[in-house]
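Colleague: Kindly generate the corresponding structure for this input.
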Amino acid sequence: MKRVITYGTFDMLHYGHINLLRRAKELGDYLIVALSTDKFNLDMKHKKCFFSYEQRKLLLESIRFVDLVIPEENWEQKKSDMHLYQIDTFVIGDDWKGKFDYLKEEGVEVVYLARTPEISTTQIKQDLKSNK
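Modeller: Predicted coordinates for the structure are as follows:
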C-alpha cells in the first residue's frame with residue numbers, strides 16, 4: 001500500500017482544497033492529512049482560523065479522499081511523521097516549492113502540486129471583507 005501525506009490549515013474549505021486532496025490521493029492508496037492545530041497556526045504561522053481545529057478536522061474526515069487526519073503541531077514533526085506513518089509520498093502546494101526537498105533524505109518522494117489558480121482562502125477572506 002502506497003501512503004501519501006499532506007499538510008495544511010484547510011480553513012474555509014473550498015474546491016481548491018478538494019482538488020489538492022483528490023490529486024494527492026491519486027498518487028497513492030492511503031491519504032493522511034496533517035492538519036495544523038489552532039495553537040500552531042496562531043503561534044507559528046501567525047494566522048487565526050475562522051473554523052476551529054475540531055471543526056476543520058470534521059470537515060476533512062468527511063471527504064472521501066481523506067483516510068486519516070492527524071494534528072500538525074510544529075514544523076519539525078514532518079521528518080518523524082515520514083517514519084511514524086511509513087510515508088511513501090509527501091505532497092504539498094507548489095507555493096512551497098523546494099522548501100521540503102530535505103524529506104527526500106528520509107526516503108520519501110516529494111511532490112509539489114500546482115494550486116487551483118482562481119481560488120484561495122486568503123482571496124475569499126479579502127473578498128468577504130470588501131463586500132461588507
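
Colleague: Name the SS class of the closest residue in space to residue 17 that isn't next to it in sequence, please.
Modeller: Distances taken as C-beta to C-beta, 6 or more residues apart in numbering put residue 10 closest to residue 17, at 5.5 Å, once the chain neighbours are dropped. Every C-beta, even on glycine, is put in place using the N, C-alpha and C of the backbone. Following DSSP: H, G, I helix; E, B strand; the rest coil, we place residue 10 in the coil state.

Colleague: Residue 10: neighbouring residues, count only.
Modeller: Other residues within reach of residue 10, judged by other C-beta atoms under 10 Å, total 24.

Colleague: Any idea how many residues pack against residue 91?
Modeller: Quick note: residue 91 (other C-beta under 10 Å) scores 24 neighbours.

Colleague: This protein: strands as residue ranges?
Modeller: Counting by DSSP state E, the segments of the chain that form strands are 3-8, 30-36, 68-72, 89-93, 109-113.

Colleague: still on that earlier bit, hang on, the residue nearest to residue 17 packs against residue 33?
Modeller: Yes - if you go by C-beta atoms under 8 Å, residue 10 and residue 33 touch, sitting 7.3 Å apart.

Colleague: Give the intersection of the neighbour lists for these two.
Modeller: Residues touching both residue 10 and residue 33 (C-beta atoms under 8 Å, 6 or more residues apart in numbering) are residue 60.

Colleague: Where do the helices of this protein begin and end?
Modeller: With helices called from DSSP state H, the chain shows them at 15-25, 38-43, 53-61, 77-84, 121-130.

Colleague: among those helices, which is the most enclosed?
Modeller: Of all these, helix 15-25 has the most neighbours on average by mean count of other C-beta atoms under 10 Å, namely a mean of 18.

Colleague: follow-up on the earlier one: could you export the strands of the chain to TSV, including columns for distance to residue 100?
Modeller: Converted to TSV, these look like this (distance: least, C-beta to C-beta, whole Å):
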stretch	distance to residue 100
strand 3-8	9
strand 30-36	12
strand 68-72	13
strand 89-93	6
strand 109-113	6
